[in-house]
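> Sharing a sequence plus its predicted fold:
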Amino acid sequence: MLFPSPSETRKKRKLIERSQRGTLGQEQLFRGLIEVDPFDSMALMGLGADCAMRGDREEARRYFWRALEAEPGDGQVYMHLGASYGDSDPDLASSLSYLAMRRILRSSRPVEPGTEKWMAGIRADFKQIFPEMDDDELDDLAIEMSVSVSDEPERVTTLLLPYRLVQEVLDRPAEGMSREWVDRILEVGASCVPLLTGVVRGWARNDEGEGGPFAAAALALLGEIGERAALPAVRECMDADDPAVRAAAVWAVERMLERPVDRTVCDFCCAPREEAKERDREAGMEQDRRISKMFLDFLKDSVKSSEVQHAMQMFFGRVPIADLAVTDQMAFFDWLFNDYTPRNFRRTIPHEYLARHGDQLSRRDRKALREWTGSYSSLFEVQSVEKGAGVQLKDLLMDRSFFVHDIASSNELARWDCLFTRVRAEGDIMIFTASGTRVPPDMSEAIHDWIATDRKASGLDWLPYLHANSHRIRQHCVAAYDEKRQNMRFVTAEGDDMVFSKAAYRVLNRDRVLEALEGEDLIGDRWDEDGTVRFTWFETPAMTEQGRRVLGSLLLEGERLVLECTSRQRLKQGVALIHRLAGGALEEKLTEFQSPQAAMRNMPPADSQPVPSEAERQLLFELKERHARAWLDTQVPALNLRTPREAARDPKDRASLIVLLKTIENGEERERMEGRAWFDVGKLKSVLGVDY
């Protein structure tokens, strides 16, 4: 156990009291303590010291190694262990002494007189070589030598590797461990598990409650390694008072049980680093702007304006230059600087600039330019979103995945979004270089197939092809979307073309109209808001197992009654219903019709649409739930008129079902992001036995 139980604490106290009264010898005390708690590092070290005094060094070492496993942060154990190897293995003894120095110098606990005497001897030895050396410099030397000792035998390096790696957890700086150290610990995985457990144990038994950050890092590493033997110890920390330790333990347990988690081991080991990342990204963006200006000046001096105009027509096709949005201009210059080959260069602008002026650049700018030359555009699918950090992408063309660090995109993109855009490395991270072109999820497969066919016909490998044709691919994505939008057919549940239809009346007798509407079974409850009265027109008088389909809405405002429907046929039915209910109290009917395409063009910006109330969200959620249950057994045109249940059982239609589910999930995720009612598509995936 990590945390001593009350009964263990009582037993230990009684043993110590007996020792103080002289009824229990020192060796008996240590053995009694270990019997109560096999991981009592002080008792293990005490028994080791007793064995060493008797000359039984082999037995002493066994106790010292056990003490280190119990609590690898105790420098005195390293010191005693090193001394036990002094005669038989001086190489190992020397390397252990540096680990002892590091831990003793960094310990906040009081040290024993023998340890203080040993450290005094160490200081004296180094003073002879470096007279001006102080404790800070000695600490730096100890850190350096504890990590690597020159001419050390391979057997010693192999033996001490886990103990050296765990030092980085024990000394985790405020800004977080480096990812290199995290990766090295994970590489040797299982050999570090006992020591990482010991790190957490040392924190749990520290009465002053210090060391939460390194305990959280150790727990996260245990979770990532996934050794089930450590699960009981990790679970003990799930109710810890320290919030960082508690969060890391909960995450680690979920990770060890192979359940989905939305964070990574680096979030615990290397955090907090978001401010530093943001500063680095801002510096990178400033450098990008400076390099872009260099390229622009270089372009003006080296490329005629007529060629730039030709490049614009090449990139945009028949799009009038005067109609370009800012994002289109950014996309053009991104392509111009990265993929376009000016006539007199025979290579791209970054390559040419680097060849001509590379020796005049600073080392940092030269490195940045080389990264620019490695950029490329491709068709990407968003696999997951980490808010405030970036997005995990899958390159659908070259079948590889990576994380792109971009805070803005993490707040705008949703899972299964698809886009044609450019990425490049910036140091050890990947970034977007410009705004991309969105591709609806249900079009991604067709776009992918078109690109793959075009690439095969070109005879080029992927990267040369993408550099030579990124402008054509972008044009194809835009054209395919425009064609789909223009040819898209929207239909109602009855199969009629969807047309937003409206009939308006002048009200002659408001009381009679209200009385007629409130008394009709097909008209829902009255809803008053800011002087406006609203009603909903339903297909059936009451709720059915499939729900209650809405056919239209009625709005009574002052002396005006408006009926709105989503098809001409529904409007015709609704007009007949209104005439039957209150025809004599109304006059001057006016009708308007608008196609879905026109409605989308006239739609107000998303941020001007009101967010529904909690009651509205709950109602919409219930409607979505009912619709989803019915959808499972509905013949769907996108599935060749098969139901989702049938498609899930047929390998031929299963791929189409996955595309459809991704499209639905993407839309629901956007509803969630905008604070609207949304449905968890995971429920449908579970029922259908589909995962992707």
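Noted; the coordinates are in hand.
> make it CA atoms for all contacts and neighbour counts henceforth
OK.
> Next, give phi and psi for the closest residue to residue 513 other than its chain neighbours.
Using Cα to Cα, 6 or more residues apart in numbering and skipping residues adjacent in sequence, the residue nearest residue 513 is residue 582, 5.7 Å away. For residue 582, the backbone dihedrals (degrees, to the nearest 10) come out as phi -150, psi 40.
> And the most centrally placed residue in the chain, how close does it get to residue 647?
Centroid-nearest residue in the chain: residue 386, 2.9 Å away (criterion: Cα atoms, centre = their mean). Counting by Cα to Cα, to the nearest Å, the gap from residue 386 to residue 647 is 32 Å.
> How about residue 288?
Distance, residue 288 to residue 647, by Cα to Cα: 49 Å.
> So for the two, which sits in the more crowded spot?
More crowded of residue 288 and residue 647, by other Cα atoms under 10 Å: residue 647, with 23 against 17.
> average model confidence for whichever helix or strand the more buried one is part of?
Here residue 647, judged by DSSP states H and E, is contained in helix 644-649. Averaged across helix 644-649, pLDDT comes to 91.
> Which neighbouring elements make contact with it?
Using 3 or more Cα pairs under 8 Å, 6 or more residues apart in numbering; DSSP states H and E, the elements in contact with helix 644-649 are helix 651-673, helix 682-688.
> How is residue 343 assigned, secondary-structure-wise?
What DSSP: H, G, I helix; E, B strand; the rest coil gives for residue 343 is coil.
> I meant residue 533, not that one.
What three-state DSSP gives for residue 533 is strand.
> Against residue 648, how distant is residue 690?
Here the criterion is Cα to Cα. By it, residue 690 lies 7 Å from residue 648.
> quick revisit: is it true that the residue nearest to the centre of the chain touches residue 410?
Yes - using Cα atoms under 8 Å, residue 386 is in contact with residue 410, at 6.1 Å.
> For residue 383, give me phi and psi.
Per-residue torsions, residue 383: phi -90, psi -40 (degrees, to the nearest 10).
> wait, I meant residue 586
Backbone torsions of residue 586, given as degrees, to the nearest 10, read phi -130, psi 160.
> Next: residue 426.
According to degrees, to the nearest 10, the main-chain angles of residue 426 amount to phi -140, psi 100.
> beta partners for it?
Taking DSSP bridges as the rule, residue 426 bridges to residue 429.
> Tell me how far it lies from residue 285.
Taking Cα to Cα, one finds residue 426 at 10 Å from residue 285.
> Between those two, which is the more surrounded one?
Neighbour tally, residue 426 and residue 285, criterion other Cα under 10 Å: the higher count belongs to residue 426, 18 against 13.
> Touching, the more buried one and residue 368? I think so.
Yes - the pair residue 426 and residue 368 qualifies as a contact (Cα under 8 Å) at a distance of 7.2 Å.
> Could you list the low-pLDDT ranges of the chain?
Scanning the chain with the threshold set as pLDDT under 70 gives 207-209, 271-284, 318-323, 488, 545-547, 596-617, 619.
> ok, the residue of it most remote from its centre to residue 372 distance?
In terms of distance from the mean C-alpha position of the chain, residue 584 ranks first, at 62.0 Å (Cα atoms, centre = their mean). Separation of residue 584 from residue 372 (Cα to Cα) stands at 74 Å.
> And for residue 582?
71 Å.
> between the two, who's got more neighbours?
Neighbour count, other Cα under 10 Å: between residue 582 and residue 372, residue 372 has more, with 22 against 18.
> Centre of the chain to whichever strand or helix holds the more buried one, how far?
Element membership of residue 372, judged by DSSP H and E, is helix 363-373. On the basis of Cα atoms, centre = their mean, to the nearest Å, helix 363-373 sits 28 Å off its chain's mean C-alpha point.
> Identify each buried residue in that helix, please.
365-366, 368-370, 372-373 (16 or more other Cα atoms under 10 Å).
> chain center to the helix or strand containing residue 505: distance?
Residue 505 belongs to strand 500-507 when assigned by DSSP H and E. A distance of 49 Å separates the C-alpha centroid of strand 500-507 from that of its chain, computed with Cα atoms, centre = their mean.
> From the rest of the structure, what touches it?
513, 559-568, 571, 575, 585-596, 599 (Cα atoms under 8 Å, 6 or more residues apart in numbering).
> quick one: the helix or strand following it to strand 500-507, angle?
Next along the chain after strand 500-507, taking DSSP H and E as the criterion, comes helix 510-518. Using axes from the mean of the first three to the mean of the last three Cα atoms, to 10 degrees, the inter-axis angle of helix 510-518 relative to strand 500-507 is 140 degrees.
> Output helix 510-518 as PDB, restricted to C-alpha atoms.
Taking C-alpha atoms only, helix 510-518 is exported to PDB below (Å, rounded to 0.1, in the frame of the first residue of the first chain):
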ATOM      1  CA  ARG A 510     -58.000  38.500 -33.000                       C
ATOM      2  CA  ASP A 511     -60.100  36.900 -30.200                       C
ATOM      3  CA  ARG A 512     -61.900  34.600 -32.700                       C
ATOM      4  CA  VAL A 513     -58.600  33.500 -34.300                       C
ATOM      5  CA  LEU A 514     -57.000  32.700 -31.000                       C
ATOM      6  CA  GLU A 515     -60.100  30.800 -29.800                       C
ATOM      7  CA  ALA A 516     -60.100  28.800 -33.100                       C
ATOM      8  CA  LEU A 517     -56.400  27.900 -32.900                       C
ATOM      9  CA  GLU A 518     -56.500  27.000 -29.200                       C
END
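> I appreciate the help and will end here.
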